[in-house]
Each structure stands twice: as C-alpha cells, then as structure tokens.
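>>> Sharing a model prediction with you, sequence too.
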Amino acid sequence: MAEWIQKFKDIPVTAVSDGLKGYNHLWPGIKPVKPTQKVVGYAKTVQIPPGDNKLVLQAIRDARPNEVLIVDAGGYIDRATAGDFIMGLAQMMGFTGAIINGAVRDIQGIRDLDFPVFCTGATPAAGFKHGNGTINEPTSCNGVVIHPGD
C-alpha cells in the first residue's frame, strides 16, 4: 500500500478537512453504511444516470490497487446503485471502499462485508443495466468536483 495512504488511515477525518480549510469534502448527506468506517485511496470515478448501474460493474472489473469507487448517481435514491453483491465484487477486486451519491440496498449484507461504503440513502429497488454514463472522467457530487486519481 502506498505510504501516504497508510498515513492518512491514521489521521482523523476532521484533521484532513481542517488541513484543506474545509474545502473538497463531500456533502454531509453522504453517510457511512457502517458508522465506524472510513476510506482512503485514489478515486475511480463513475457517473451514471439515476437508477442505472451497469457502468459500476464495468468499473469494478477494471479495478487497480488502492482505488476508491466514486459513483455519482445524482443523489437518486429510488433505485439502488449497488447492493451487497456488487459491493462484495468491489471488495474482492481490491477497492478500498465505495462512495455513492445515490442509494444502496442490502444494508445488513454490506455491513457484514466490513467494506467501507458511503451513500445518500437506501432502497430495496434494484438498479437498471442500460450502460449509460462515464468512467474515469471528472464528476461532481453535490458541487464537489472529483477527478480520477484524486
């Protein structure tokens, strides 16, 4: 694991926010599924239309070490971007965690994975598999721009 990633794991999130003068942190409506977790790594960005998660699976397939899966689904919470199966795949492929500006499902299953997942909400409804959107392009989650590799 990259040395800086290990160092960031030991720093409180509030100290990182203070060091960035309160800028560049995500909207507080994106919350951890398991409150005690945090995630550190390089951003792999995915931007999808509300309710569509096919590109999330493609991004997971192309995982690189120490990446955090960042998914912007526009904050849409009527259909899940992922559940325990998709998050389990992300974990297995080496992602350090996932941040989703949208909903997930299978909350208890995700907690049982012990894999850091942050999201804006939960729903039982599955996502669609149309395949629209982008991977590894700059995206914006509630006004915070995230570039691949951030």
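That came through, no problem.
>>> Now for the closest residue to residue 116 other than its chain neighbours: which residues touch it?
Distances taken as Cβ to Cβ, 6 or more residues apart in numbering put residue 97 closest to residue 116, at 3.4 Å, once the chain neighbours are dropped. Where you see a C-beta, it was placed from the backbone N, CA and C, and this is true even at glycine. Going by Cβ atoms under 8 Å, 6 or more residues apart in numbering, residue 97 touches 37, 39, 41, 68, 69, 115, 116, 117, 118.
>>> right, and the pair among the residues you listed with maximum separation?
37 and 69 (14.2 Å; Cβ to Cβ).
>>> still on that earlier bit, on the strand side of things, show who the residue nearest to residue 116 bridges to.
residue 68 (DSSP bridges).
>>> so which strand or helix has the residue positioned nearest the centre of the chain?
Computing the C-alpha centroid of the chain and ranking residues by Cα atoms, centre = their mean puts residue 99 first, at 1.9 Å. Element membership for residue 99 (DSSP states H and E) is strand 97-104.
>>> More neighbours: residue 37 and residue 69, which one.
Set side by side, residue 37 and residue 69 show more neighbours around residue 69, with 28 against 14, by other Cβ atoms under 10 Å.
>>> you'd agree that one is up against residue 104?
No - the pair residue 69 / residue 104 is not scored as a contact, 11.7 Å apart, by Cβ atoms under 8 Å.
>>> Please identify the helix or strand for the most far-flung residue of the chain relative to its centre.
Of all residues in the chain, residue 21 has its C-alpha farthest from the mean position, at 22.8 Å, by Cα atoms, centre = their mean. Assessed by DSSP H and E, residue 21 sits outside every helix and strand.
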